[in-house]
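> I'd like to go over a predicted model; first the sequence, then the structure.
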Amino acid sequence: MRRTSTILILAVLFFTLSSHELFLKSDSYFLDPNSQSELYLFNGTFDQSENVITRDRIINPMIIGPDYDFKPHSGDFYDKGETTYLKFKTGNDGTYLAGVSTKPRTLELSGEDFLEYLEHEGLTEIILNRKNKGINNRPVNEKYSKHVKAILQVGEDKTEEFSTSLNYPIEFIPLKNPYELSVGDQMSFRLLYLGKPLGNQTVHISSRRNSKVKDGLETALRTDQNGEVSFTISNKGSWYIATIHMLESIEESIDYESNWATLTFEVNAP
């Protein structure tokens, strides 16, 4: 019973600390040319959305591909349950890049909850700074915004749009086209913050072999001095890479400002 209780507590803690990540997803990242398709936003964990994203929060949505530049408007989104969907029609063959950014919101956390959140995300500099100042128990107002991307393969042709910067405050730039990779290959990204490489930043990577596999384990890695990180594609399925960058805020009544980034893609080559 003690072991079961411990596992339950850890599961609840993991869900709480991860419960407001945002992911741009698709049931399949392999789409037909010139066809009606949908993406959706999961606001919660990679496996479960807790609430929809209201239209007034969505900024700079876009989908780009070869001779394709789609700027969604509010009528292209709709909500179903706790999930926000984006309708679009693909164009010609190519590797597409989709992105959505959100306006900032403010979250108030107790000192204890904030410390647990920092520990989970590997934000060691903030942890040490608060410890040295003796403010670990002080409540926090955090201003946060989210910037999410997905790489899609339309038809057969592999093109270069996957590596395009969308000029979000923070974003992952793939250094390889995932749709040219197989299980066992290395995938690489460069992390940019305000357009510059962000080194020594903790990122989390995880995958799902299929939609029935929930709560997959995350691997924590750090970017190198060039903001780059690499990992091995260990299995087929959907993948994500995620990070949170946090700084002390200069705004009155705001303690910290964070920018969240995620990117999703799929691998189906053995």
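It's in. Bear in mind the structure is a predicted one, so any value in this text is a computation, not a measurement.

> what's the neighbour count on Leu247?
Per other C-beta atoms under 10 Å, the neighbour tally for Leu247 reads 12. (Glycine included, C-beta is placed from N, CA and C.)

> where do the helices sit along this structure?
According to DSSP state H, the chain carries its helices in the segments 2-17, 111-121, 124-133.

> lowest average pLDDT across these?
Ranked by mean pLDDT, the helices of the chain bottom out at helix 2-17, with a mean of 37.

> you'd agree Ile244 is up against Tyr256?
No: taking C-beta atoms under 8 Å as the definition, Ile244 is not a contact partner of Tyr256, at 10.4 Å.

> measure Ser249 to Ala261 for me?
Look at Ser249 and Ala261: by C-beta to C-beta, to the nearest Å, they are 19 Å apart.

> of those two, who's got more company?
Applying other C-beta under 10 Å to Ser249 and Ala261 shows that Ala261 carries more neighbours, namely 27 against 15.

> and the closest residue to the more buried one other than its chain neighbours, how far from Gly44?
Leaving aside its chain neighbours, Ala261 sits nearest to Ile170 (4.5 Å; criterion: C-beta to C-beta, 6 or more residues apart in numbering). Computed as C-beta to C-beta, the Ile170 to Gly44 distance reads 20 Å.

> which of these two has more neighbours?
Ile170 (22 against 19).

> please name the bridge partners of the more buried one.
Beta bridges link Ile170 to Tyr193 when assigned by DSSP bridges.

> wait, the residue nearest to Ala261 sits on Leu191?
Yes: contact criterion C-beta under 8 Å: Ile170 and Leu191 qualify, at 7.3 Å.

> overlap in contacts, these two.
Common contact partners of Ile170 and Leu191 (C-beta atoms under 8 Å, 6 or more residues apart in numbering): Leu198, Thr243, Ala261.

> name whatever forms a beta bridge with the last one.
Note on Ala261: beta-bridge partners His147, Thr243, judged by DSSP bridges.

> how much space between it and Arg105?
Distance, Ala261 to Arg105, by C-beta to C-beta: 16 Å.

> quick one: Tyr240 and Phe46 touch, right?
Yes: under the criterion of C-beta under 8 Å, Tyr240 makes contact with Phe46 at 5.8 Å.

> mutual contacts of these two, please.
Joint contacts of Tyr240 and Phe46 (C-beta under 8 Å, 6+ apart) are Phe23, Ser206.

> roughly how far does Asn235 sit from Thr54?
In terms of C-beta to C-beta, Asn235 sits 35 Å off from Thr54.

> low-confidence ranges in the stretch 101-250 of the chain?
Applying pLDDT under 70 to the stretch 101-250 of the chain flags the ranges 211-216.

> ok, the nearest residue to Tyr179 once chain neighbours are set aside to Ala220 distance?
Spatial nearest neighbour of Tyr179, excluding adjacent residues (C-beta to C-beta, 6+ apart): Gln153 at 4.3 Å. Using C-beta to C-beta, we find Gln153 at a distance of 28 Å from Ala220.

> neighbour count winner among these two?
Counted by other C-beta under 10 Å, Gln153 and Ala220 do not tie: Gln153 has more neighbours, with 24 against 12.

> beta partners of the more buried one?
Assigned bridge partners for Gln153, using DSSP bridges, are Phe30, Thr95.
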